[in-house]
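In: I would like to see how this sequence folds:
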Amino acid sequence: MPPLVEPAAELTREEVARYSRHLIIPDLGVVGQKRLKNARVLVIGAGGLGSPTLMYLAAAGVGTIGIVEFDVVDESNLQRQIIHGQSDIGRPKAESARDTVLEINPLVTVRLHEMRLEPDNAVELFEQYDLIIDGTDNFATRYLVNDAAVLAHKPYVWGSIYRFEGQVSVFWEDAPNGLGLNYRDLYPEPPPPGMVPSCAEGGVLGILCASIASVMGTEAIKLLTGIGAPLLGRLMVYDALDMSYRTIKIRKDPEIPKITELIDYEAFCGVLSEAAADAAHDSTITPSELRDLLDSEKKIALIDVREPVEWEINHIEGAQLVPKSVIESGEGLARIPHDRVPVLYCKTGVRSAEALAALKKAGFSDALHLQGGIVAWARQLEPDMVMY
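Out: Alright, predicted model coming up:
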């Protein structure tokens with residue numbers, strides 16, 4: 001691949017000293033380091049994948065680093081988002097990430113974009129950079145990044161993590177030599193709503209982020225400097241438990257329509273399936289309404305549809321554990337009392353809505369589910385509850 005970036009005019013004495021271990025690599029050398037100095041890289045998210053990627057790009061001498069981030073640092077982030085520390089809890093992630101980057105390398109320029117990436121700002125933002133790095137954890141943003149990169153004519157490095165597994169690839173619709181493809185060639189459509197849990201619901205081994213982010217950072221350096229063979233047209237799959245790496249070829253799908261505009265990605269990906277949305281309509285209660293039900297004489301069956309490991313962390317007093325997977329398989333239906341009104345809850349309300357659809361289909365027409373899940377319950381009614 002030709003390098004994405006022209007080399008800067010020169011390296012200062014300080015830069016030569018700092019990057020000396022790069023300069024003596026024949027394939028990279030002074031010219032490659034000058035390209036890194038001249039490069040502009042936009043990282044979407046300063047979370048699990050963005051954190052180590054940002055730190056290593058800064059250490060490598062990427063001259064301009066943009067950070068798109070609108071969230072604040074939460075204690076649960078610190079298990080894997082190593083760019084933040086204990087003293088950063090409550091701070092904007094973008095500011096925390098900037099401070100760490102500049103502590104690692106004060107010779108780079110950091111641009112903060114403290115906003116949510118949206119269809120009305122993505123293309124214009126991408127056009128300001130040479131390369132995009134996507135470490136986001138939801139499908140709506142992934143498709144937005146892909147489509148905006150296509151319209152901005154920019155390559156991007158994509159990574160994904162879940163529990164003990166990770167994936168990395170490079171997408172570039174305008175790649176030379178007929179090698180162009182994009183994320184939709186790998187995943188033409190998002191999975192059905194509720195099918196793939198997020199890291200917040202399914203968990204992720206913290207150190208896995210470093211393994212996947214290091215590959216993403218390596219791919220970025222290769223693209224910027226024109227060395228090696230990037231993962232364009234290949235998907236790298238990593239299994240930490242087996243300690244195995246494998247690559248799968250990706251080919252252009254001629255059936256995928258040409259991307260000509262950005263769309264409503266929340267609607268495209270959906271948070272809930274149609275069945276779950278229909279089931280939840282007029283069958284959703286708030287934490288305070290649930291509290292009133294529990295305090296009343298009305299007979300209800302409070303059902304926790306999370307997994308056993310989540311139940312061990314916290315649960316609402318008086319609840320019974322019947323995981324969503326067991327309900328949807330049919331096996332758990334016998335554990336739902338028929339003489340009481342079932343009230344389902346999960347962590348945030350997504351899984352309970354899906355389980356509610358299964359219950360209503362099985363004849364539990366009066367079943368309800370808790371809006372916002374146990375997170376909303378704790379925030380509003382039990383602020384001392386341990387949360388994950």
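In: can you tell me the helix or strand for H369?
Out: H369 belongs to strand 368-370 when assigned by DSSP states H and E.
In: scan the chain for its longest helix.
Out: helix 208-225 (DSSP state H).
In: which strands or helices does the helix or strand just after that helix pack on?
Out: As assigned by DSSP H and E, the chain's next helix or strand after helix 208-225 is strand 234-239. Applying 3 or more Cβ pairs under 8 Å, 6 or more residues apart in numbering; DSSP states H and E, one finds that strand 234-239 makes contact with strand 165-171, helix 208-225, strand 244-249. All C-beta spots, glycine's among them, are computed from the backbone N, C-alpha and C.
In: at 6 Å instead, please
Out: Using 3 or more Cβ pairs under 6 Å, 6 or more residues apart in numbering; DSSP states H and E, the elements in contact with strand 234-239 are strand 165-171, strand 244-249.
In: one step back: packing partners for the longest helix of the chain?
Out: helix 29-38, helix 50-60, strand 156-162, strand 165-171.
In: also compute the angle for it relative to strand 156-162, please.
Out: Following axes from the mean of the first three to the mean of the last three Cα atoms, to 10 degrees, one obtains 170 degrees for the angle between helix 208-225 and strand 156-162.
In: helix 208-225 to strand 165-171, inter-axis angle?
Out: In terms of direction (the same axes, to 10 degrees), helix 208-225 departs from strand 165-171 by 10 degrees.
In: mind checking the SS state of the residue of the chain most remote from its centre?
Out: Going by Cα atoms, centre = their mean, the residue of the chain most distant from its centre is E297, 43.3 Å out. When classified by DSSP: H, G, I helix; E, B strand; the rest coil, E297 comes out as coil.
In: thinking again about what came up before, and of the helices and strands packed on helix 208-225, who's closest to G330?
Out: Proximity to G330, assessed across those by Cβ to Cβ, is greatest for strand 156-162 (26.2 Å).
In: averaged pLDDT, the closest one. What do you get?
Out: Mean pLDDT, computed over strand 156-162, is 97.
In: for that strand, C-alpha coordinates in CSV please.
Out: C-alpha atoms of strand 156-162 as CSV (Å, rounded to 0.1, in the frame of the first residue of the first chain):
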residue,chain,number,x,y,z
TYR,A,156,-10.3,3.3,8.9
VAL,A,157,-9.1,0.6,11.4
TRP,A,158,-11.9,-1.2,13.2
GLY,A,159,-11.7,-3.3,16.3
SER,A,160,-14.2,-5.2,18.5
ILE,A,161,-14.0,-7.0,21.8
TYR,A,162,-16.3,-9.2,23.9
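In: what are the contacting residues of it?
Out: The contact list for strand 156-162, computed with Cβ atoms under 6 Å, 6 or more residues apart in numbering, reads 49, 132-135, 149, 167-171, 202, 204, 208, 212, 216, 219-220.
In: what lines up beside it in the sheet?
Out: Counting by DSSP bridges, the strands paired with strand 156-162 are strand 131-134 (parallel), strand 165-171 (antiparallel).
In: starting at the chain centroid, how far to the longest one?
Out: Okay, so that is strand 165-171. Here strand 165-171 is found 12 Å from its chain centre; the criterion is Cα atoms, centre = their mean, to the nearest Å.
In: repeat for stretch 348-366
Out: 27 Å.
In: same thing with stretch 286-294?
Out: 32 Å.
In: name the residues of it that are buried.
Out: Neighbour-count burial for stretch 286-294, with 16 or more other Cβ atoms under 10 Å as criterion, is recorded at 287, 290-291, 293.
In: can you check stretch 95-112 too?
Out: Within stretch 95-112, the residues that count as buried by 16+ other Cβ under 10 Å are 95-101, 104-105, 108, 110-112.
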